[in-house]
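Participant: okay, predicted coordinates and the sequence, questions at the end:
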Amino acid sequence: MSYVLVKVYCPHCEAPNVKKNGVKGNGQQNFYCKDCRKQFQFTYKNQGANPRIKKQVCQMAMRGSGIRDTANVLKMSAVTVILVLRLWFKTHLEPSFEGTFENVIIDEMWSWVGKRKESKRWIWYAYCADTRKILAFQIGKRNDKTCQKLFKKLSHLTIKHYYTDDWRSYKKHIPPEKHTISKAKTQKIERQNLNFRTHLKRLCRKTICFSKKDDMHFGFIKAYIWLKNAT
């Protein structure tokens, strides 16, 4: 008789410091990770409960896959995919920075929730050209009210200069001595707009994949910005 030893790693933190922790009601061996203190199984009958599959769901969502695409590839229901994403979105926070920033570019990008022609949403965000971080974002209409909400999120920062396009709201809320209107100076944020549309399928200009609810739309944007700032 021969034995095969299999090294078990925690699917949550990839640490090898695990131990057996009883047997689940379905007969599967349960394990406990001493590092992250989470429990897991070596194999799962329900793939929606598998931590590794959950990670794949989130990775695919941030790399151009729609809900049904992910469900088909990973052999799980679309409802489960949405549930995994909703829970994952809750683990991310909006951008939070402190200090002084030299050059900040602000731009807005259109998207929609629900019916395309009737429910347009604009993603406003501030991008630091020096640190390559997104300092704050706001989703709403393309009006002064949404612009004010964005600047309120930037109010605790010391920003020496702003670069924007010629949209009228910027002229109202940015002091002239700190404000430069120039298409040439906003090229870097236009490149970030392309990244958004490339990596998030629901933001593509021509797509049948779109958000049906505002909280999902907000969750995708928040998670993508969090990941981008983390790199």
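Facilitator: Thanks, I have the structure now.
Participant: C-alpha from now on. contacts and neighbour counts both.
Facilitator: OK.
Participant: which residues of this protein fall in strands?
Facilitator: 18-23, 29-33, 39-41, 100-112, 120-128, 133-140, 158-164, 179-181 (DSSP state E).
Participant: what angle do the fourth one and strand 158-164 make?
Facilitator: So the one you mean is strand 100-112. Counting by axes from the mean of the first three to the mean of the last three CA atoms, to 10 degrees, strand 100-112 lies at 40 degrees to strand 158-164.
Participant: same for strand 100-112, what does it pack against?
Facilitator: When contacts are defined as 3 or more CA pairs under 8 Å, 6 or more residues apart in numbering; DSSP states H and E, strand 100-112 sits against strand 120-128, strand 158-164, helix 187-199.
Participant: so for Phe218, which of the ones you listed sits nearest?
Facilitator: Judged by CA to CA, the one of the helices and strands packed on strand 100-112 that comes nearest to Phe218 is strand 120-128, at 9.5 Å.
Participant: tell me the domain boundaries of this protein?
Facilitator: Using automatic domain parsing, the domain ranges for the chain come out as 1-43, 47-91, 100-230.
Participant: run the chain-centre distance for the longest one.
Facilitator: The chain centroid and the centroid of domain 100-230 are separated by 14 Å under CA atoms, centre = their mean, to the nearest Å.
Participant: state the mean pLDDT of that domain.
Facilitator: Mean pLDDT, domain 100-230: 92.
Participant: span of it from start to end?
Facilitator: Across its full length, domain 100-230 reaches 19 Å between end residues, using CA to CA, to the nearest Å.
Participant: from what I see, Lys183 and Asp165 are in contact.
Facilitator: Yes - at 6.0 Å, Lys183 and Asp165 qualify as touching, with contact defined as CA atoms under 8 Å.
Participant: the two: which is more packed in?
Facilitator: Under the criterion of other CA atoms under 10 Å, the comparison of Lys183 against Asp165 puts Asp165 first, with 18 against 12.
Participant: could you find the closest non-adjacent residue to the more buried one?
Facilitator: Ile181 (5.3 Å; CA to CA, 6 or more residues apart in numbering).
Participant: and the one you found, what is it in contact with?
Facilitator: Ile181 makes contact with 163-166 under the criterion CA atoms under 8 Å, 6 or more residues apart in numbering.
Participant: still on that earlier bit, now tabulate the strands of the chain in JSON lines and tack on distance to Gln187.
Facilitator: Formatted as JSON lines, the strands of the chain follow (distance: least, CA to CA, whole Å):
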{"stretch": "strand 18-23", "distance to Gln187": "49"}
{"stretch": "strand 29-33", "distance to Gln187": "47"}
{"stretch": "strand 39-41", "distance to Gln187": "46"}
{"stretch": "strand 100-112", "distance to Gln187": "9"}
{"stretch": "strand 120-128", "distance to Gln187": "11"}
{"stretch": "strand 133-140", "distance to Gln187": "15"}
{"stretch": "strand 158-164", "distance to Gln187": "10"}
{"stretch": "strand 179-181", "distance to Gln187": "12"}
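Participant: nearest to Asp69, of the ones you listed?
Facilitator: strand 100-112 (20.0 Å).
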